[in-house]
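Visitor: Here is my input, please return the structure:
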Amino acid sequence: MSANHTRRELLGAAGAAGVVSLAGCSGLGGGGSGDTIVLGGTMSLSGDNADLGKLYQDAYNLTIDRINENGGIEAGDGNTYELELDLRDDQTDASASKTTYQELIQRQDIDYLVGPYSSTVTLPASAVAAQNEKPMVEGGGASPEIFSKGNEWIFGLLPTANKYALSSIDMAMAQSSPPESAAILAEEDTFSQSTADGVRAKMNDAGLDVVVDESFPTDTSDLSTNLGKVRDQDADILILCAHQKHAIIMANQMENQDVNVDMAMATVGSLNDAFKDEAGSSGNYVYGPSSWDINADFEDTVYGSTSGFADAVSGEFDYTPDYHSTAGETVILTFKQAFEQVDELTPTNVRDAIRRIEFTSAYGNIAFGDSGVIDKEMLVYQWQPEAGKQLVYPENVQQSEPTYPTPTWSER
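Guide: From the prediction side, this is the model:
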């Protein structure tokens, strides 16, 4: 067993204690003292979003290890640096995350920040970055609100939340029997409410009759009342604006209550293996969006290519990466690219370099717009009983045609 592999295993165990930090850090803060640059941040390593948080943690650690194994970063200041990571468990709690970022900056002298997961957590964390003038690159927060406040220190790798469901609606409207009515169920959190705003506007433009439009608390474990209204109103399509926990609940309770729609789509957490493992056959035919296609091979300076990254993740962690994984990897590569371009390592110089950089990673073409967010459109996937997860829209890149309308429960 290699020393790096041992370190990752130790990190996984440390996550349960609330603090995850790469061993052997010889440098200070983020400034590069001791030939080491330290990146710091929080992640949902416990709580409702822990399954997705682990995808980021794994991608961060694997990518940093690969960079260091390949000789580190040859920065623009003429020095070569190793990367280290101080990643702490925020328990999917915005207040805990905000406090931790303040500690990382003010007590640990961290200059370069990796963002947390979920918009609700990322929004206050990004404000801490701005107040302390430290660049933050994040792949887990997508609410437009994060990027609409003039914050010059935040850079996001996900399409904004209001775009997440739009391609799915386009797909449904392109079918030979397009929907006439729709239902929206939205979790009461920043990301999901932003997603729902985009859905309402899109449905209005498409001429869809929204027959159910309801929100539910984040901590609920029962959507039966909401889904009963979807059934009783005979909605043609259902958009669930929520996270993995509620995507699983939706799939299971739709079967239990015999809720039949032509398309059921969940905005987050419906495409990873954990969703299908827990939802089982109830998860068949469910749709979900992704900003990344594993079959689109891009050049990557650390892994060689998209397929090289996918092989590395599956070989190390025994699962297939999704867009959370590639966004996590690209967080690290964004800093790597910026460090290579600046002639002096300072937060302001690195921020300005991030604004300018253009490169490719396993995630695709990377460049940040004026607001600091990447410009990407969502692809649409569907779980199909025999083929598994299939890219179904847009048509020019699809692996399979969508199974639309979804068979009723009695037909399955």
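Visitor: contacts and neighbour counts: CA atoms only from here.
Guide: Noted.
Visitor: Can you tell me the number of residues neighbouring Y81?
Guide: Other residues near Y81 come to 22 when the count uses other CA atoms under 10 Å.
Visitor: I meant to write T225 there.
Guide: Residues contacting T225 under the criterion other CA under 10 Å number 11.
Visitor: which secondary structure elements does the helix or strand it falls within contact?
Guide: T225 is part of helix 224-232, with elements assigned from DSSP states H and E. The elements that helix 224-232 packs onto, with contact taken as 3 or more CA pairs under 8 Å, 6 or more residues apart in numbering; DSSP states H and E, are strand 209-216, helix 244-256.
Visitor: Pick the most buried one from the ones you listed.
Guide: By mean neighbour count, with neighbours taken as mean count of other CA atoms under 10 Å, helix 244-256 ranks first of the helices and strands packed on helix 224-232 at a mean of 22.
Visitor: What helices and strands are in contact with it?
Guide: Other helices and strands packing on helix 244-256, by 3+ CA pairs under 8 Å, 6+ apart, are helix 224-232, helix 273-279.
Visitor: what's the angle from that helix to helix 224-232?
Guide: With axes from the mean of the first three to the mean of the last three CA atoms, to 10 degrees as the basis, helix 244-256 and helix 224-232 are set at 50 degrees to each other.
Visitor: Make residue 1 into 23 and carry on from there
Guide: Sure, I'll start counting at 23 from here, so that last one is helix 266-278.
Visitor: low-scoring stretches of the stretch 223-372 of the chain, by residue?
Guide: Scanning the stretch 223-372 of the chain with the threshold set as pLDDT under 70 gives no residue ranges.
Visitor: residue ranges of the helices in it, please?
Guide: Under the criterion DSSP state H, counting those that start in this stretch, the stretch 223-372 of the chain contains helices at 246-254, 266-278, 295-301, 328-339, 345-363, 369-378.
Visitor: beta partners of S312?
Guide: In this entry, S312 is beta-bridged to L401, by DSSP bridges.
Visitor: Next, count neighbours for it.
Guide: When neighbours are counted by other CA under 10 Å, S312 registers 24.
Visitor: Now for it: which residues touch it?
Guide: For S312, the residues meeting the contact criterion (CA atoms under 8 Å, 6 or more residues apart in numbering) are 345, 400-403.
Visitor: about what we covered before: to P138, which of the helices and strands packed on helix 266-278 lies closest?
Guide: Ranking the helices and strands packed on helix 266-278 by their distance to P138 (criterion: CA to CA) puts helix 295-301 first, at 20.1 Å.
Visitor: which parts of that closest one are buried?
Guide: When neighbours are counted by 16 or more other CA atoms under 10 Å, the buried residues of helix 295-301 are found to be 295-298, 301.
Visitor: what comes into contact with that helix?
Guide: For helix 295-301, with CA under 8 Å, 6+ apart as the criterion, the contacting residues are 73, 266, 269-271, 273-274, 291-292, 305, 341-342.
Visitor: cool, and stretch 389-399?
Guide: 169-170, 172, 174, 176-182, 185, 189, 313, 376-381, 388.
Visitor: distance between that stretch and the chain's centre?
Guide: Mean-position distance between stretch 389-399 and its chain equals 15 Å (CA atoms, centre = their mean, to the nearest Å).
Visitor: For the lengthiest strand in the chain, give the mean pLDDT please.
Guide: Identified as the longest strand of the chain according to DSSP state E is strand 102-111. In this model, strand 102-111 has a mean pLDDT of 98.
Visitor: so what strands line up beside it?
Guide: The sheet places strand 102-111 alongside strand 41-43 (antiparallel), strand 58-65 (parallel), strand 95-96 (antiparallel), with pairing taken from DSSP bridges.
Visitor: Give me whichever of those strands is most buried.
Guide: Highest mean neighbour count of the strands paired with strand 102-111: strand 58-65, a mean of 27 (counted as mean count of other CA under 10 Å).
Visitor: got the angle between it and helix 345-363?
Guide: Using the same axes, to 10 degrees, strand 58-65 lies at 150 degrees relative to helix 345-363.
Visitor: for the next helix or strand after strand 58-65, which positions count as buried?
Guide: Beyond strand 58-65 in the direction of the C-terminus, DSSP H and E gives the next helix or strand as helix 72-91. Along helix 72-91, the positions that meet the burial threshold by neighbour count (16+ other CA under 10 Å) are 72-87, 89.
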